[in-house]
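> Have a look at this prediction, sequence included:
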Amino acid sequence: MYKSASGDEYFVIDSHMHMWDGTAENHKNIHGKQFIDCFYAYHSALSPSEKIWTRDRFDLCEVETTYNDLFVDGPVDVAICQSTYLRDFYVNGFNPIERNYQLAEAYPDRFIVNGAFDPRDGEAALDYISFLAEKYNCKGVKLYTAEWNGASRGWKLSDPAAYKCFELCEKLGIKNMHVHKGPTITPLDKDSFDVADVDHAATDFPNLNFIIEHCGLPRLDEFCWIAVQEPNVYGGLAVVMPFMHARPGYFAEVLGELLFWLGEDRLLFGSDYAIWTPDWLVEKFVSLELPEEVEKERGIKLTPEVKAKILGLNAARLYDIDVANSKKKFAA
């Protein structure tokens, strides 16, 4: 539990973090280098100067350092690790579920690990979804619609092959679709992160939750207009959060829009670790006050109760986490 200076307590769920291997030894080609270089550029540009890591520290995440950054030096109670395979760029994948699951094996009460699938793999994708459910009991997946797969440089949530995957996910109880729809990452194509396909999939699969990571930035308006119509669309705040430091005025406008359109029950905190660490993000968010004109124009209030929902309670609801029992367990 994170406790603020005023005495408010927050159960924190980091709903978007990774344990990657971006080292040169894992690069399959130049694109592996481009990808991790782009991540480090975001890290350097949007972090406070005292939070910028050396490149060696940044490129490789391991179990104990990840645990310490989130739970010992950081305020997180539960973390949801998102798998990103990128096998066209990395010899062993960037952070596939096999690597990430080491976290859950070491600390089963602290980590939830999501898988991933690629509908372009056809029947093999369906077999893999069944494997994720049987071996790892996955409750969610991370979807990278701009990921390369041979000659293909992207896919859409509305593709017929994707619909077959969604149907199977629904049947198997994999209900949380974390979809990267945000800033592009070199060498991926910006247009493959377009949010228009969210509208189709969310309408046709009302029993699935579509957590749109990074809230569609820089396509915020389009995302909000879709999300306000689709009650099963959520905003994942990874990448949005560090703008509290780098561009606080911009962050206030973005959060104001999200609270106006989606409301306080459909926003999820995510650090995007290891691009950023959750310690300073949570601290800044808990102490944040939105400008009066932002709140007044939109009729919103960023109260401690709203912050508690965003920091953890909303994600707990999606992942069936018993917060009261978790508090007791962690206190012991």
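The structure has been received and is ready for your questions.
> Contacts only, for the nearest residue to His214 once chain neighbours are set aside.
Take His214 and drop its neighbours on the chain: the residue closest to it by Cβ to Cβ, 6 or more residues apart in numbering is Gly182, 2.5 Å away. Where you see a C-beta, it was placed from the backbone N, CA and C, and this is true even at glycine. Gly182 is in contact with Phe193, Glu213, His214, Cys215, Gly216, Leu217, Ala238, Val239, counting by Cβ atoms under 8 Å, 6 or more residues apart in numbering.
> per-residue confidence at the third one?
So that's His214. His214 carries a pLDDT value of 97.
> quick one, what contacts Asn114?
Contacts of Asn114 (Cβ under 8 Å, 6+ apart): Ile80, Cys81, Gln82, Ser83, Ile97, Cys138, Lys139, Gly140, Val141, Lys142, Asn176, His178.
> mind listing what's buried in the helix or strand containing the last one?
Read it as His178. Per DSSP states H and E: His178 is located in strand 176-180. Neighbour-count burial for strand 176-180 flags Asn176, Met177, His178, Val179, His180 (criterion: 16 or more other Cβ atoms under 10 Å).
> now, which of those sits nearest Phe89?
His180 (14.7 Å; Cβ to Cβ).
> Report pLDDT for the closest one.
pLDDT at His180 comes out at 97.
> what bridges to it?
Going by DSSP bridges, His180 is paired in beta bridges with Glu213.
> Spell out the secondary structure type for the nearest residue to Leu70 once chain neighbours are set aside.
Among residues not flanking Leu70 along the chain, Val76 sits closest, at 4.3 Å (Cβ to Cβ, 6+ apart). The local conformation at Val76, judged by DSSP: H, G, I helix; E, B strand; the rest coil, is coil.
> Tell me which residues of stretch 100-112 come out buried.
Buried residues in stretch 100-112, counting neighbours by 16+ other Cβ under 10 Å, are found at Asn100, Tyr101, Gln102, Leu103, Ala104, Tyr107, Arg110, Phe111, Ile112.
> same check, this time on stretch 319-332
Of the residues in stretch 319-332, Tyr319, Ile321, Val323, Ser326 count as buried by neighbour count, 16+ other Cβ under 10 Å.
> Please enumerate residues in contact with it?
With Cβ under 8 Å, 6+ apart as the criterion, stretch 319-332 contacts 1, 11, 13, 77-78, 80, 109, 112, 139-140, 176, 312-313, 315-316.
> By pLDDT, rank these and give me the bottom one.
Met1 (87).
> Quick one: neighbours of that residue, just the number.
By other Cβ atoms under 10 Å, the residues close to Met1 number 14.
> Return the member of the buried residues of strand 176-180 nearest to Asn29.
His180 (21.0 Å).
> give the contact list for that closest one.
So His180 contacts Lys142, Leu143, Tyr144, Thr145, Ala146, Phe193, Glu213, His214 (Cβ under 8 Å, 6+ apart).
> next one: His214
His180, Lys181, Gly182, Pro183, Gly236, Ala238, Val239, Val240.
> any idea how far it lies from Pro183?
7 Å (Cβ to Cβ, to the nearest Å).
> Tell me the residues that contact both of those two, please.
Val239.
> For the stretch 151-300 of the chain, which segments count as strands?
Listed in chain order, the strands found in the stretch 151-300 of the chain under DSSP state E, counting those that start in this stretch are 176-180, 209-213, 233-236, 267-268.
> contact partners of the last one?
By Cβ under 8 Å, 6+ apart, the residues outside strand 267-268 that reach it are 13, 15-16, 211, 234-237, 258-259, 309-310, 314-315, 318.
> likewise the second one?
Contacts of strand 209-213 from elsewhere in the structure, counted by Cβ under 8 Å, 6+ apart, are 15-16, 82, 140, 142, 157, 175-182, 195, 198, 201-202, 223, 227, 230, 232-236, 238-239, 268, 270, 318.
> List buried residues within those residues.
Buried, going by 16+ other Cβ under 10 Å: 15-16, 82, 140, 142, 157, 175-182, 195, 198, 201-202, 223, 227, 230, 232-236, 238-239, 268, 270, 318, out of the contacts of strand 209-213.
> Find the pair from the contacts of His180 with maximum spatial separation.
Within these, Lys142 and Phe193 form the most distant pair, 13.5 Å apart (Cβ to Cβ).
> How about Lys156: what's its closest non-neighbour residue?
Nearest non-adjacent residue to Lys156 (Cβ to Cβ, 6+ apart): Asp197, at 4.2 Å.
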